[in-house]
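>>> sequence plus the predicted model coming up.
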Number of protein chains: 6
Amino acid sequence: MSGVIVTGPPKADARDIEAVAGYGVATVSEAMGRSGLVGPELRPVQEGVRIAGSAVTVLSWPGDNLMIHAAVEQCGEGDVLVVTTTSPSTDGMFGELFATALKRRGVRGLVIDAGIRDTQELREMGFPAWAKAVSAQGTVKATGGSVNVPVVVGGRSVRPGDVILADDDGVVVVPRERVREIAEASKAREAKEAAARAAFQDGQLGLDRYGLREKLDALGVRYTSYEEYAGEAGA
Amino acid sequence: MSGVIVTGPPKADARDIEAVAGYGVATVSEAMGRSGLVGPELRPVQEGVRIAGSAVTVLSWPGDNLMIHAAVEQCGEGDVLVVTTTSPSTDGMFGELFATALKRRGVRGLVIDAGIRDTQELREMGFPAWAKAVSAQGTVKATGGSVNVPVVVGGRSVRPGDVILADDDGVVVVPRERVREIAEASKAREAKEAAARAAFQDGQLGLDRYGLREKLDALGVRYTSYEEYAGEAGA
Amino acid sequence: MSGVIVTGPPKADARDIEAVAGYGVATVSEAMGRSGLVGPELRPVQEGVRIAGSAVTVLSWPGDNLMIHAAVEQCGEGDVLVVTTTSPSTDGMFGELFATALKRRGVRGLVIDAGIRDTQELREMGFPAWAKAVSAQGTVKATGGSVNVPVVVGGRSVRPGDVILADDDGVVVVPRERVREIAEASKAREAKEAAARAAFQDGQLGLDRYGLREKLDALGVRYTSYEEYAGEAGA
Amino acid sequence: MSGVIVTGPPKADARDIEAVAGYGVATVSEAMGRSGLVGPELRPVQEGVRIAGSAVTVLSWPGDNLMIHAAVEQCGEGDVLVVTTTSPSTDGMFGELFATALKRRGVRGLVIDAGIRDTQELREMGFPAWAKAVSAQGTVKATGGSVNVPVVVGGRSVRPGDVILADDDGVVVVPRERVREIAEASKAREAKEAAARAAFQDGQLGLDRYGLREKLDALGVRYTSYEEYAGEAGA
Amino acid sequence: MSGVIVTGPPKADARDIEAVAGYGVATVSEAMGRSGLVGPELRPVQEGVRIAGSAVTVLSWPGDNLMIHAAVEQCGEGDVLVVTTTSPSTDGMFGELFATALKRRGVRGLVIDAGIRDTQELREMGFPAWAKAVSAQGTVKATGGSVNVPVVVGGRSVRPGDVILADDDGVVVVPRERVREIAEASKAREAKEAAARAAFQDGQLGLDRYGLREKLDALGVRYTSYEEYAGEAGA
Amino acid sequence: MSGVIVTGPPKADARDIEAVAGYGVATVSEAMGRSGLVGPELRPVQEGVRIAGSAVTVLSWPGDNLMIHAAVEQCGEGDVLVVTTTSPSTDGMFGELFATALKRRGVRGLVIDAGIRDTQELREMGFPAWAKAVSAQGTVKATGGSVNVPVVVGGRSVRPGDVILADDDGVVVVPRERVREIAEASKAREAKEAAARAAFQDGQLGLDRYGLREKLDALGVRYTSYEEYAGEAGA
């Protein structure tokens, strides 16, 4: 596979990225119409951290981290490194040395559809990561791949420059052209959630708040006492 | 699927539930003859918490949390919400808003054979949960299901009103009719474990304590030196 | 299956084991030519702990912990208990009582290709463990197996007396004959990593440090601007 | 686990079972409101066979087939053996010898949430089976379990005497009290499917047949040309 | 999720599609630089069939086949239906009725990152399918989605109009702009394979044919006799 | 990883291998004390074929088939190629071209803990294979590995020269030193199975044949009527 290293992909406006960073992954995904999420098989290796930044994407051969080296040079302030492999792998292709190099360049974190290692060191140095596996298995530098091409991570397409938002709930990808719009929709969503939270604390039911009693009725869901039900079911 | 919402299922006596809550999941499962456990794919999202309560069960369509809204109304003091889907799903169908509503009603926690989100918020507000996945994927409110019917969670049958006990080791289901009996058996089991612990701290071997040397012998397990073994195996 | 309990297997020199214990699992595996690792499905149940010791191996029938009882007697100061089952199992065949007995004997920890329970208690008593699952499912004592025979754990062969090194990154197996050699290679590896870390902190690129620009070129990986790439791909 | 062997569980009427046997698994599950299905991880080991019969249930310890021996005696003409284990197992606990004994007794087939072996022989002798795995791993006869108690198979509850229907699409469980009702609903469902089939062969669209254009509109799904869409998405 | 149904996406030239259809999936993927493959979790439900056609893509809510109904209208001669869900699902959302409608419209087959049912009927009517699961679980028609938008299937991006080639080895996606180029590269690749086949039949070794002895040497791979190796390893 | 290619490993006597080849995998594994099996995740890609031969082992880097080329030269009449990767991989690293080369050399088949491709061609040319996955994903020839060293395949250790027996039930590994002994034990086992088969056809029960009624009683398994049981359980 002779690949390509693409330089200078477009990015979203930094202020829009900061705006999106003010909301959680769940809120932003809801604001996108319940879409944009990377699969839950990618988990954070730390707790209580949220990051947002512009994707620098890497497509590597399994068991090979050559293209991550190539990608480091393409990374800068405010970026998030996004790595996948051409076929599934859990090898620990990223560790503390890469994190050292990236942190110096202002990179905000890592999202990897493969394994990482040195998780204790990553937590200590404050370099957040979301990964499919933790594995000490090292890799070679023998086969080509690509940097800054569209990739699929956790079943989700990511283009270079798309905005990555990640927290304890997972990772969401915001298309670079839609960041401002999504930040605004997230703000509206959050206001709606705050109102619901207050109402629920006051004892209101979602059934009433969202008009779901009518829907249950229309769907034919009926209420019955346990005695009646047990009698029918013979249970 | 037009479902049913069953009201007023029978529950175990509150004092019996409190009695069971005094033991760990492993002890109670042993006291039930090594049975009753929900599969290990359901994991706690917090550490060091144990809860016990009466199951309010929910059967939802995948990608749909309508029936959780219906279930909230059926939940009260001392209950544990138990949710499953008609086919496997990792969607984050439960989050901080539901937890807010349930906490106000005195619900003790959640056991869900699907995904949850807002895990950081759940930990902060002290609403414990055991789930199959963490996922920010939101859900719709479009398809009917049932509340307080028998469900299967992690390969284990749960009826409404059965007692749910959950801690770091997982989740066990105690049939509502057997709670007192199991609490007593757990007490006996715990005493037995305490005696074994003391003996092991004193250096006694399980081989001797449980009469296992005879069993090994009867099974034909023999002792051999490494030299002899290596010679035979050619290893 | 009538098994065998092998006594007195050879061990590595204690000073060599201590020497290896000075390095992390990733470093030691790299020093072994990127080999020796147990699969990442075995995870630590605690954070920030590293152990090293001589393997006492156990081959058990699934759902049966009889042979762990037999193995306790074979364990002593500086050992690590290594358990697997004849077919895959997640049952919690090891818990706080076994840990109590082993701790008294000076055993350093557990590596198990099955489930464990009492994880909270294990953390509190400081007995570290690496396991495939956490499960409260108890086991019987009915079927024979073997102690101190070669076993496969997480896809990796382990012989009795081989050195087990485990930390947050996972578990590596060092053949008992090669411990000193590997400790020395690990020292060299660590020095190399320290130099790379310093260089990366200074802003050097891996591309330059490892001469990878030539390799990328030889592999046909080319650089292109985003505009050019987007034009070609029609993306 | 000291178990129980329950004799003489109730069964559905043989003519009702034959009536249900006239329909496929998918049709019957639809007729049950899209419920009753065993999970797709249980697969047929033959092609093109459909069976129906009364469940004789077995709960076995993992790696142990003692209770299948006990169950054989409880099996008779028109039964289907349904086996599960107390914790997950892929061991080949059923093979040609059991099939020989069961076939003589008029048993129609096997549904097992574990492994089987001798699949080639089973196909040759015409004893159909649905299993989670094919494995030659043999089992012991050492630990008790139960026969004809409620079990969970592939995430689905089965009571002794419930009707098992299985074909290439999988396995469905019909509660023994509802067999006649479900057979009739299946007949109606099949008629509906036949009408749809004819209409689709004539070129009618489901969109029109089921009035889905209005639903799409109500849900806000809109039509757009590729040119318009590509312009918006910048794709 | 309010979605969109995109009409009239661009397609590749029919003669180019036919040209690609002359080669197997493995050959075409090699010709694309070892890329383009859908993951191996999608398996054919028949044996010995190869198809090629233009993708009509569907993004459905899990447990919901509404959008497949919408997609049927967008399908025509030479198309292949490509279906995925917004979160993972094994439900049998496609069966014989859909296949009847699609076959009449000249559709060549189905690729689905979810479940299908009626596999026996599909084989009998000659409608080929590649799916992640076989499941009789039916679905509702309640939630919106999209047709002819880019989707991810088996970890691979597919745009409407991209060419789908599928056989016993799996599924490969050829970008619609590159079909002619890839057909030509496949022809070259096949010629190369034919020459290798002939050479291997004559007894030539790949080591010699591809100059790999030098590579092994350069990589430091050395030859040794078993005696020497066994001596070193102490094995 | 600089590896090693070991030449001339010891093999079992050809007549002993033929003797073992007269029995099925399940019988031979039973004769070995229910051991020796490769995990059920390796499945045959053909039906009704049994092979036996001497293992030539390969340890490859993931995504790389260089060492299979090296292994071909080490293969001869009566061998079985056994391939694994240093970390898990489903890539199709073996196909029709390798089979062509191996068939000419008298190799009997392939066992691979990774993926294969060209399965249709392999069936047509009569080259049997057992694999973890079918995948068209091609591989590179860039990284070293080893030939004829001990490997782990499907969780089972295999040394070069060990005897591989494979059929529809899976794969068993017979240590090269024990082939004659195991062939004899298999003969005895088969005789025992034939007697049991005849008895079962005559209607004898396993309960009686194996004296299991006493065992059930000793284990505390009791018989009860459905009426009594239902009364107790409140079910």
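Looks like it arrived, so ask away.

>>> so the residue nearest to the spatial centre of chain A, which of the three states?
The residue lying closest to the centre of chain A (C-alpha atoms, centre = their mean) is residue A:171, at 1.0 Å. Secondary structure, DSSP: H, G, I helix; E, B strand; the rest coil: residue A:171 is strand.

>>> got the phi/psi numbers for the closest residue in space to it that isn't next to it in sequence?
Spatial nearest neighbour of residue A:171, excluding adjacent residues (C-beta to C-beta, 6 or more residues apart in numbering or on different chains): residue A:38 at 4.0 Å. No exception for glycine: its C-beta is placed from N, CA and C like everyone else's. The phi/psi pair for residue A:38 (degrees, to the nearest 10) reads phi -80, psi 150.

>>> and residue A:38, how many residues sit next to it?
Neighbour count of residue A:38, defined by other C-beta atoms under 10 Å in any protein chain shown: 25.

>>> how about residue A:60?
Neighbour tally, residue A:60, other C-beta under 10 Å: 30.

>>> does it touch residue A:87 like I think?
No. Judged on C-beta atoms under 8 Å, residue A:60 makes no contact with residue A:87 at a distance of 10.3 Å.

>>> name the SS class of the residue nearest to residue A:212 when sequence neighbours are not counted, please.
Among residues not flanking residue A:212 along the chain, residue B:69 sits closest, at 5.3 Å (C-beta to C-beta, 6+ apart). Each residue gets one of three states, and residue B:69 gets helix by three-state DSSP.

>>> surely residue B:69 and residue A:204 touch.
No. Between residue B:69 and residue A:204 there is no contact, the gap being 11.4 Å when judged by C-beta under 8 Å.

>>> how about the residues of chain A by chain B?
Proximity of chain A to chain B, by C-beta under 8 Å from any C-beta of the partner chain, involves residues A:24-26, A:29-30, A:34, A:37, A:40, A:43, A:47-48, A:167-170, A:172, A:193, A:196-197, A:200-201, A:203, A:205-207, A:210, A:212, A:215-216, A:219-227, A:229, A:235.

>>> pull the contacting residues for residue A:173.
Applying C-beta atoms under 8 Å, 6 or more residues apart in numbering or on different chains, we find residue A:173 in contact with A:36-38, A:55, A:153, A:156-158, A:162-164.

>>> could you tell me which of these belong to strands?
A:55, A:153, A:156-158, A:163-164 (DSSP state E).

>>> could I get the full set of strands for chain A?
Going by DSSP E, chain A shows strands at A:4-7, A:43-44, A:51-60, A:79-85, A:109-116, A:129-134, A:146-147, A:151-153, A:156-158, A:163-167, A:170-174, A:222-225.

>>> residue A:59: neighbour count?
24.

>>> surely it meets residue A:84?
Yes. When contacts are counted by C-beta under 8 Å, residue A:59 is listed as touching residue A:84 (6.1 Å).

>>> joint contacts of these two?
Common neighbours of residue A:59 and residue A:84 (C-beta under 8 Å, 6+ apart) are residue A:151.

>>> and the ones in strands among the contacts of residue A:173 near chain D, which?
Okay, of these, nothing touches chain D (C-beta under 8 Å from any C-beta).

>>> out of those, which is nearest to chain D?
residue A:157 (10.5 Å; C-beta to the nearest C-beta).

>>> how about the lengthiest helix in chain A: buried residues?
Among the segments of chain A that qualify as a helix by DSSP state H, the longest is helix A:179-201. Across helix A:179-201, burial judged by 16 or more other C-beta atoms under 10 Å in any protein chain shown covers A:179-180, A:182-183, A:185-187, A:189-190, A:193, A:196, A:199-200.

>>> what's the burial count for residue A:55?
26.

>>> before we move on, what about residue A:106?
12.

>>> which ones are touching it?
A:76-79.

>>> PyMOL command for the buried members of those?
For the buried members of the contacts of residue A:106, the matching PyMOL selection, counting by 16+ other C-beta under 10 Å, is:
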select buried, chain A and resi 78+79
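
>>> so which of the contacts of residue A:106 sit within helices?
Using DSSP H, none of the contacts of residue A:106 sit in helices.

>>> hang on, the earlier thing: quick check, nearest of the contacts of residue A:173 to chain E?
Distances from chain E to the contacts of residue A:173, taken by C-beta to the nearest C-beta, are shortest for residue A:157, at 5.4 Å.

>>> which strand residues sit across from that closest one in the sheet?
Legend: beta-bridge partners of residue A:157 under DSSP bridges are residue A:152.

>>> cool, and the one 10 residues further on?
Assessed by DSSP bridges, residue A:167 has beta-bridge partners residue A:170.

>>> spit out the contact partners of the closest residue to residue A:188 other than its chain neighbours.
Leaving out its chain neighbours, the residue that sits closest to residue A:188 by C-beta to C-beta, 6+ apart is residue A:31, at 7.4 Å. By C-beta under 8 Å, 6+ apart, residue A:31 lies in contact with A:23, A:182, A:185-186, A:188-189.

>>> any chance of the residues you listed in TSV, plus pLDDT?
Output for these, formatted as TSV (pLDDT from 0 to 100):
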residue	pLDDT
A:23	98
A:182	98
A:185	98
A:186	98
A:188	97
A:189	97
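
>>> which one of the residues you listed is nearest chain D?
When these are compared against chain D (criterion: C-beta to the nearest C-beta), the nearest one is residue A:182, at 14.2 Å.

>>> residue ranges in chain A under the pLDDT threshold?
Where chain A drops to pLDDT under 70, the residues are A:1, A:233-235.

>>> quick revisit: between residue B:69 and residue A:204, who's got more neighbours?
Ranked by neighbour count (other C-beta under 10 Å), residue B:69 and residue A:204 place residue B:69 first, with 23 against 14.

>>> any idea how far the more buried one lies from residue B:105?
Distance from residue B:69 to residue B:105, counting by C-beta to C-beta, to the nearest Å: 13 Å.
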